[in-house]
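Enquirer: I would like to see how this sequence folds:
(chains A, B, C, D, E and F)
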Number of protein chains: 4
Amino acid sequence: MTRPQSPRRKRANGMESRQRIIDAAVEIAGERGYEGTSIAAVSAKCGLPASSIYWHFKDKDDLIAAVIERSFDSWLAALELPGEETGTSLERLTVMAANVAKSLVDAPDFLRLGLMLALERRPTKPRGRTVFLQVRGIARRKIAEMLQTLFPELDEPEIHTLTTYAIAGADGLFVQREITGDAVNLMAMFELHAQSVHEAARRMAAGA
Amino acid sequence: MTRPQSPRRKRANGMESRQRIIDAAVEIAGERGYEGTSIAAVSAKCGLPASSIYWHFKDKDDLIAAVIERSFDSWLAALELPGEETGTSLERLTVMAANVAKSLVDAPDFLRLGLMLALERRPTKPRGRTVFLQVRGIARRKIAEMLQTLFPELDEPEIHTLTTYAIAGADGLFVQREITGDAVNLMAMFELHAQSVHEAARRMAAGA
Amino acid sequence: MTRPQSPRRKRANGMESRQRIIDAAVEIAGERGYEGTSIAAVSAKCGLPASSIYWHFKDKDDLIAAVIERSFDSWLAALELPGEETGTSLERLTVMAANVAKSLVDAPDFLRLGLMLALERRPTKPRGRTVFLQVRGIARRKIAEMLQTLFPELDEPEIHTLTTYAIAGADGLFVQREITGDAVNLMAMFELHAQSVHEAARRMAAGA
Amino acid sequence: MTRPQSPRRKRANGMESRQRIIDAAVEIAGERGYEGTSIAAVSAKCGLPASSIYWHFKDKDDLIAAVIERSFDSWLAALELPGEETGTSLERLTVMAANVAKSLVDAPDFLRLGLMLALERRPTKPRGRTVFLQVRGIARRKIAEMLQTLFPELDEPEIHTLTTYAIAGADGLFVQREITGDAVNLMAMFELHAQSVHEAARRMAAGA
DNA sequence: TATGAATGAGACTTCATTCAT
DNA sequence: AATGAATGAAGTCTCATTCAT
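Expert: Predicted coordinates for the structure are as follows:
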């Protein structure tokens, strides 16, 4: 009672606890989605009592938002962007696609959980959903820039369409892999998609 | 509302009640996913007490599985397949893509709820997930057949890859539209995708 | 609809249905006691819908009472009483004890369910409990008569005590066997008990 | 009632709450058995909301097991064992029987609830049943030791039989009293039983 | 003679959250 | 910085029973 500090480690290290909670929540939310992620389950997995989770996070929404942010960071870390820009536009597109494919295999939580949140239609959208859409927006702009660099002759609406199509392909291939397991050769499929995007850009540049 | 007579104890009418329950559940599950679909909410929406739902369905899992089946049927009904096969392979692909796009706009519940279920990684998979994967498998086989007809020179692995890519694009474009709302011009995007698939088939036929 | 009678047997045989219901209920009530015996479980075991059970029995209480009666009958049938009364009083007591022991092994439902009902202290006693106590009372009187015949020199209070003790031993040995399984050699224990009762009778006759 | 202050949100006091819950559960379970003991009823009796009961106990099974343990303790406390061992073996047996009889009158919950649980045959046995059988096993070993001390000439199987018989008589007499109310003179009956056990021991020691 | 369908009450349990310490 | 305890609302599901056919 009067012991100033508990001898069994756990020396009240705020940040470490916060990390442990998010770690646990990432795992569970990646498995079960928003509703399926209960505070009790997170508490059980990280070892801290539920009330401690509320010391670190305002509410469940807040926690899930943090989970999205964290898993986005993990994904960004896994996504090693090409330093130098060399080769033909097709080659550069292909390299980029390969990077994205690899990152999605290595850190799938961000996209899986994000898509789950995004597909829901409930009236009061969780904040995590907003965060997902925001960071997704950032990624989208990066891709658009890149495509603009590769295909300077395209105008803005064309770049918009091309970007949308590029992302849709990536999402769809990711979903495919999540559904069917490891069976899908993601690398080959992303390479195929890079070619499609490249052809589409050429058609746009030629025609219209 | 307009029901002329409503005796306190409604006349027993099994099949109609079953339909009303599924109707309500489709609506809610399409919005909120598996966990978000509470029996109480379904009960409130269909007017039958919760215990009556359990007369018609073994448990929540059973209900959700019925929901998947039902929304798959709706989707199939919305998907009007071309009767006559005329035109070039690209034209026929494009017509087909347009049909799929339209069906996804008209009856999006099947794919939205199915994807939500499919993305979850929980250890005990709900039966609805299995049903979704089954009917999806059927659809996949149909598409593979059709591609084989259009491109008879491709061998089986190539058809497999092409089918996977075609479906992934459809999934991805659907997701895009669900996320960003009506902003996406689904028709145009699906036409673009049809061209990509066509080009991919030609590349396959030509090269290694 | 207009078929006058369902072709698949089940020709609406009232008594047979009643028996099937009681059969099922005996099994379940013997396992789970009063509260644990649900109409749904009985329905599932006997194959008739729950509403049919209510055609044959007023309510659950009524059914359980019938169960008690039926299992009492089974027990009586298993209890083959000695036709001729020969031998010493100890021999005759021993034979009788052996009979009771055998009947309890062969038809334990009556006593097991009855004791469960009897041990409960709930304010509103189920009718089955009353039935149990009634038939038990009958059995008690039979035993008292028999002991009076064997030990004519004992007065009524002594016979009362002896009867109580004899029955208590039987109950206790039965409980023992139900708890520990087949391990208890019921025959030997009942023989031991017969000797105890015999000794007690002699002590009573001799002393006080 | 006499509690001087009762702040709306009661001061957290874990152990006291736990005791209050068990107190309430002992009372109800002693009356109604396992199935008849509803969490809602316990909640109403102890004043804590149902969800608080689940803070202290994993589930209903866990609570009932605690109830068994607690009522066993009460029974042990009521059972004042004789300090000095004096007198003949019959006298000592008789004293012991009187003690047991008194304890069963003063704290009947343990045996009543335990027997109810033990008589059930359901496939998945509640944990409380196991606990009951365990503590009963302990009591059995104590009695066996004591009988061995009183009758050193008996071998182990004989002691086993004698112990079983002694306990069966106690169980049976308890049941008798529970069923017929206070009418049974438990003291006299237990004395009679002590004599029976004593005679049985002598017979065993004397002959085969 | 029987039953498909319905129903309100209540079962056990988990939920997100709060608060005093 | 953290947590044991508490809590009302809501979760899924089963209960005994009824009634029109």
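Enquirer: can I assume A:Phe174 is in contact with A:Leu104?
Expert: Yes. A:Phe174 is within contact range of A:Leu104, at 5.2 Å (criterion: C-beta atoms under 8 Å). Backbone N, C-alpha and C define where each C-beta goes, glycine included.
Enquirer: Overlap of the contact sets of the two?
Expert: Common contact partners of A:Phe174 and A:Leu104 (C-beta atoms under 8 Å, 6 or more residues apart in numbering or on different chains): A:Leu111.
Enquirer: Between the two, tell me which one has more neighbours.
Expert: Taking neighbours as other C-beta atoms under 10 Å in any protein chain shown, A:Phe174 and A:Leu104 compare with A:Phe174 leading, 27 against 23.
Enquirer: who are the neighbours in contact with the more buried one?
Expert: Counting by C-beta under 8 Å, 6+ apart, A:Phe174 makes contact with A:104, A:108, A:111-112.
Enquirer: do that again at 6 Å, thanks
Expert: Applying C-beta atoms under 6 Å, 6 or more residues apart in numbering or on different chains, we find A:Phe174 in contact with A:104, A:111.
Enquirer: mind checking which helix or strand the residue nearest to A:Arg122 when sequence neighbours are not counted is in?
Expert: Spatially, and ignoring its direct neighbours in sequence, A:Arg122 is nearest to B:Arg32 (5.1 Å; C-beta to C-beta, 6 or more residues apart in numbering or on different chains). In the assignment (DSSP states H and E), B:Arg32 maps to helix B:14-36.
Enquirer: List the buried residues for that helix?
Expert: B:17-18, B:20-22, B:24-36 (16 or more other C-beta atoms under 10 Å in any protein chain shown).
Enquirer: how about the helix or strand hosting A:Ile159: buried residues?
Expert: Element membership for A:Ile159 (DSSP H and E) is helix A:156-180. Applying a neighbour-count criterion of 16+ other C-beta under 10 Å, one finds A:158-159, A:161-179 buried in helix A:156-180.
Enquirer: swap in stretch A:201-208?
Expert: Across stretch A:201-208, burial judged by 16+ other C-beta under 10 Å covers A:201, A:204.
Enquirer: Report whether it contacts chain B.
Expert: No. Judged by C-beta under 6 Å from any C-beta of the partner chain, stretch A:201-208 and chain B are separated, with a smallest distance of 7.1 Å.
Enquirer: Need the residues that contact that stretch.
Expert: The contact list for stretch A:201-208, computed with C-beta under 6 Å, 6+ apart, reads A:151, A:153-154, A:158, A:162.
Enquirer: Contact partners for A:Ala118?
Expert: B:Ile179.
Enquirer: 10 Å - rerun?
Expert: A:Ala118 is in contact with A:111, A:125, A:128-129, A:132-133, A:136, A:171, B:116, B:175-176, B:178-180, counting by C-beta atoms under 10 Å, 6 or more residues apart in numbering or on different chains.
Enquirer: mind checking pLDDT for A:Arg122?
Expert: Looking at A:Arg122, its pLDDT stands at 80.
Enquirer: need the residues of chain A near DNA strand E, please.
Expert: Residues of chain A that fall close to DNA strand E, judged by C-beta under 7 Å from any atom of the strand: A:37-41, A:50-51, A:53-54, A:59-61.
Enquirer: which one among those gets closest to DNA strand F?
Expert: Nearest to DNA strand F among those, counting by C-beta to the nearest atom of the strand, is A:Ser51 at 2.5 Å.
Enquirer: Mind telling me what element the closest one is part of?
Expert: In the assignment (DSSP H and E), A:Ser51 maps to helix A:50-56.
Enquirer: Packing partners of that helix?
Expert: In this structure, helix A:50-56 packs against helix A:14-36, helix A:39-46, helix A:60-78, with contacts taken as 3 or more C-beta pairs under 10 Å, 6 or more residues apart in numbering or on different chains; DSSP states H and E.
Enquirer: Give me the contact list for the shortest one.
Expert: Meaning helix A:39-46. Applying C-beta under 10 Å, 6+ apart, the set of residues contacting helix A:39-46 from outside is A:17, A:19-29, A:31-32, A:38, A:48-54, A:57, A:59-60, A:63, A:67.
Enquirer: tell me, which of those make contact with DNA strand F?
Expert: A:17, A:48-52, A:54.
Enquirer: okay, among the residues you listed, which ones form the most distant pair?
Expert: By the measure C-beta to C-beta, A:Ser17 and A:Ala50 form the most distant pair in those, at 13.0 Å.
Enquirer: how about the residues of chain A near DNA strand F?
Expert: A:10, A:12-14, A:16-18, A:48-52, A:54-56.
Enquirer: nearest to D:Phe72, of the residues you listed?
Expert: A:Pro49 (31.7 Å).
Enquirer: Next, the contact list for that closest one, please.
Expert: Here A:Pro49 is in contact with A:40, A:43, A:55 (C-beta under 10 Å, 6+ apart).
Enquirer: where are the low-confidence patches of chain A?
Expert: Applying pLDDT under 70 to chain A flags the ranges A:1-12, A:82-85, A:208.
Enquirer: On the three-state scheme, A:Thr86 is what?
Expert: A:Thr86 carries the three-state label coil when classified by DSSP: H, G, I helix; E, B strand; the rest coil.
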